[in-house]
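Participant: I need the structure of the sequence given here:
(chains A and B)
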Amino acid sequence: MSGTTTLFPVYGKARSFGIPKDWQSFWRFLRRYGGGVLATLVLLVIIFSITFADRLTPHDPIQMDLRNRFAPPVWSDGGTMSHPLGTDNLGRDVLARTLYGGRVSLRVALTASTISTVVGLLLGLVSGYLGGIVDRVIALITNIWVSFPFLVLALAVIAAVGTSITVLVVLLSLAGWVYPARVTRAQTLRVRQYDYVDASIALGASPAHIIRHHIVPNVASINIILWTLSVGTLIIIESSLSFIGLGVSPPDPSWGNMLSSGQMYLQDAWWLSVFPGLALMLTILCINSLGDALQRMNDYRQQL
Amino acid sequence: MTKNFFQQVALFVLQLMITILVILTTLFFLQRLSGDPAAVLAGHSSSPEVLEAVREDMGLNEPLHVQYAVFMKQALMLDFGESTRFQQPALDMVLDRFPNTLMLAFGALGLAVLVGIPLGTYSAVRHRQMDGMVVNLLAGIMQSLPSFWLGLVLLLIFSIRLKWVGSVANLEDDFLKRMALPTITLSVFYMARLIRLVRSGLIEEMSEQYILTARAKGLRSRTVWFVHAFKNALIPVVAFITLDLSLLIGGSVIVESLFSYSGVGDLMVNAIFNRDYAIVQAGVFVISILVVLINSFSNYLYQAIDPRVGI
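Facilitator: The predicted structure is shown next:
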């Protein structure tokens, strides 16, 4: 069935992440997964600066300063050190908005992807372990859900109830539970057939014990990978919705809505769009590279 | 487990009916969530008497299940009401824009296939050389670009700096000029996915036993790659192409909105800002049905080319 398994972004043997223990293998590890390591480091820097945004910049991201509009970045003519990345069309500090905007984007994406991964994991465990009618019902819901164009459905919901951070988190959580559910179900079915599970049942272990001690360890790594990759996807969806004005609404900054308001000044005040755009691209790129590296570590076929 | 033709058709019709039912029910309850439709239509400052009259006129004083029945009956007769802003039947407005959206989605898909499959193959054949790795790396970067971000960069280069095309998809422009940027913007993500899918599929096939046999027979390397491995690697790719057409149609909402391209997505986004719910309903309905059709088609196609997959 290799034809069907390649449809999914992730497949392979469940293994531990194999962090090396001595220096020699550490060097080999670095050569093979250097991109992933670099991505992790950059991500840590991004997360650090977003978390400590209030220490890194004295400015408020929403406070306007109309006398000081369109100040260029510090290295251009007329730029000052007080606004290192310049100010926007309402005199707000671009650095502060980029950092605080990242906070919103990351918080939304992390919350939503955690919820959807946990929900998918639970559904997959239940439907794979119990089988029967429960499995059929969950499979039916999954099939109907996956055939809907998510973004269009999101538009319908936003048209009805308006947009807020909560609505976004709920919508994005609904977007991503299908992959973890399907993958977990398949893995659960496989692990259930192993002899040690039979032995455990023969020794009188309860289903809860088997799921916790035999199945969850086998589906954990693949779900961590799916979770990582889904954070990147959800940041893209969130920023896209914010960009067309249906996500995080101004004056609250988010990378998406900063790009959309900067769009009008692209020609004269490029720094309004370029910095949030770079932050967005760099974050997604790092998350995806990290996900890829984790995936390769766990898939012997692609190590080649 | 193979079913005959009529069973397959019956199953498909059943699935389609369930999906339509689910979509319409969702739309109905979402509409009730959106607040008082009478207030939207009559304006929030209207007097209570006027509001009451509008409510009576719209049937909002009926019990919920009666309203639901009325809504379903009208929707099944393809009547989603009039757009409150344009005073035209909502479905007609959506269907009017529909060909543009299809053109954009299929154009982007075509571009992704035309560029993605050759590049993916190239990157697989040379996966141990520098250039093959560079192609793979580029695909990774392309996959990380949000479409609106890429669209903005393309606009900055080709519209503002070079002035080759207008910044919005102007209907007066000639076809190619109008379509170029939106199509490229939409297709890049799928192109990248296609490159990586073809690459990993091919590399995986090359480690199979039958490839060893083919090589042992003394076939030329080219024959092994392009006749034996390629055929098998293409199976998931074909499934991917049709399945992702539905993602493309969803993604076109963002691109249409960015370029003010007159498709269904742009129409719906504007309708949301104007609280023109009839258009949103009609748009969701049309696109959902299209996506369900595409997905069913993709399932059958998949079974047709890969006999190992039963229903």
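Participant: pLDDT score for the closest residue to chain A within the stretch 151-300 of chain B?
Facilitator: For the stretch 151-300 of chain B, the residue closest to chain A is B:G250, as judged by CB to the nearest CB, at 3.9 Å. The C-beta positions use only the backbone N, C-alpha and C, and glycine is treated the same way. Here, the pLDDT recorded for B:G250 equals 80.
Participant: what are the buried residues along the helix ranked longest in chain A?
Facilitator: Scanning chain A for the helix with the most residues, using DSSP state H, yields helix A:94-130. By neighbour count on 16 or more other CB atoms under 10 Å in any protein chain shown, the buried set for helix A:94-130 is A:94-106, A:108-113, A:115-117, A:119-121, A:123-129.
Participant: helices or strands next to it in the packing?
Facilitator: Counting contacts by 3 or more CB pairs under 8 Å, 6 or more residues apart in numbering or on different chains; DSSP states H and E, helix A:94-130 packs against helix A:23-51, helix A:53-56, helix A:132-146, helix A:165-175, helix A:178-192, helix A:216-243, helix A:255-262, helix A:271-298.
Participant: of those, which stretch is the most buried?
Facilitator: A comparison of the helices and strands packed on helix A:94-130 by mean neighbour count, using mean count of other CB atoms under 10 Å in any protein chain shown, puts helix A:255-262 on top with a mean of 26.
Participant: elements contacting that one?
Facilitator: If you count contacts as 3+ CB pairs under 8 Å, 6+ apart, helix A:255-262 packs onto helix A:94-130, helix A:216-243, helix A:271-298, helix B:147-154.
Participant: list the contacts of that helix.
Facilitator: Residues from elsewhere that reach helix A:255-262, judged by CB atoms under 8 Å, 6 or more residues apart in numbering or on different chains: A:88-89, A:97-98, A:101-102, A:105, A:238-245, A:247-250, A:269, A:272-273, A:276-277, A:279-280, B:148-149, B:152.
Participant: what angle do that helix and helix A:271-298 make?
Facilitator: Direction vectors for helix A:255-262 and helix A:271-298, defined by axes from the mean of the first three to the mean of the last three CA atoms, to 10 degrees, enclose an angle of 150 degrees.
Participant: in the stretch 201-311 of chain B, which spans are helices?
Facilitator: B:209-216, B:221-223, B:230-259, B:264-273, B:277-305 (DSSP state H, counting those that start in this stretch).
Participant: out of the helices and strands in chain B, which is least certain?
Facilitator: Ranking every helix and strand in chain B by mean pLDDT, DSSP states H and E puts helix B:37-42 at the bottom, with a mean of 66.
Participant: helix or strand right after it?
Facilitator: Tracing the chain C-terminally past helix B:37-42 and defining elements by DSSP states H and E, one meets helix B:48-58 next.
Participant: the residue of the stretch 151-300 of chain B closest to chain A contacts A:P149, doesn't it?
Facilitator: Yes. Between B:G250 and A:P149 there is a contact at 3.9 Å, judged by CB atoms under 8 Å.
Participant: common neighbours of those two, please.
Facilitator: Taking CB under 8 Å, 6+ apart as the criterion, B:G250 and A:P149 both touch B:I287, B:V291.
Participant: neighbouring contacts of stretch B:145-152?
Facilitator: Stretch B:145-152 is contacted from outside by A:236, A:239-240, A:243-244, A:256, A:259-260, A:263, A:266, A:273, A:277, A:280-281, A:284, B:181-182, B:185-186, B:188-189, B:251, B:254-255, B:258-259, using CB under 8 Å, 6+ apart.
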